[in-house]
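>>> predicted structure and sequence below. I'll ask about it afterward.
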Amino acid sequence: QVQLVESGGGLVQAGGSLRLSCAASGRTFSRYTMAWFRQAPGKEREFVAAIDWSDSTNYADSVKGRFTISRDNAKNTVYLQMNSLKPEDTAVYYCAAGPYTSLWYREGSYPYWGQGTQVTVSS
């Protein structure tokens, strides 16, 4: 069992930056693919970014060049650095963990989820 706790959300003006953190329990953190998803009001949850055990990363087209996912295995933590934020980035951001998968963009690939953290970008 893996427990995930997100932090770092908040209110920021457009063009600003935030860094989200996700602390994971468990001794096999380094083996997991870690991902961030987000859900805006009235919309379905969508993939944002993922990083696997080899530090290979993938991003949604909407965040490429602005967001960076990284991990610190010594701290059992994954990060999402968000720069040049836009109002359309406003959402609840969820951290997810799962075994290695080629379907890194699918919610079903991740059995473990955090409770979410709110990010609000004002115009």
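Happy to help now that I have it. Numbers count the residues shown, from 1 in each chain.
>>> quickly list what the most centrally placed residue in the chain is bridged to.
The residue lying closest to the centre of the chain (CA atoms, centre = their mean) is residue 36, at 2.2 Å. For residue 36, the beta-bridge partners under DSSP bridges are residue 49, residue 95.
>>> roughly how far does it sit from residue 123?
Note on residue 36: its distance to residue 123, by CB to CB, to the nearest Å, is 23 Å. Every residue, glycine included, has its C-beta placed from N, CA and C.
>>> my read: the residue nearest to the centre of the chain touches residue 91, true?
No - between residue 36 and residue 91 there is no contact, the gap being 10.3 Å when judged by CB atoms under 8 Å.
>>> tell me the contacts of the residue nearest to the centre of the chain?
Counting by CB atoms under 8 Å, 6 or more residues apart in numbering, residue 36 touches 20, 22, 48-50, 69, 78, 80, 93-96.
>>> if any of the residues you listed are buried, give me the ChimeraX selection for them.
Here is the ChimeraX selection string for the buried members of the contacts of residue 36, based on 16 or more other CB atoms under 10 Å:
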select :20,22,48,49,50,69,78,80,93,94,95,96
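>>> okay if I get the contacts of residue 36 as a markdown table plus distance to residue 2 and pLDDT?
Output for those, formatted as a markdown table (distance: CB to CB, whole Å; pLDDT from 0 to 100):
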| residue | distance to residue 2 | pLDDT |
| --- | --- | --- |
| 20 | 17 | 98 |
| 22 | 11 | 98 |
| 48 | 19 | 98 |
| 49 | 18 | 98 |
| 50 | 15 | 98 |
| 69 | 17 | 98 |
| 78 | 12 | 98 |
| 80 | 18 | 98 |
| 93 | 18 | 98 |
| 94 | 14 | 98 |
| 95 | 10 | 98 |
| 96 | 10 | 97 |
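>>> understood, closing this out.
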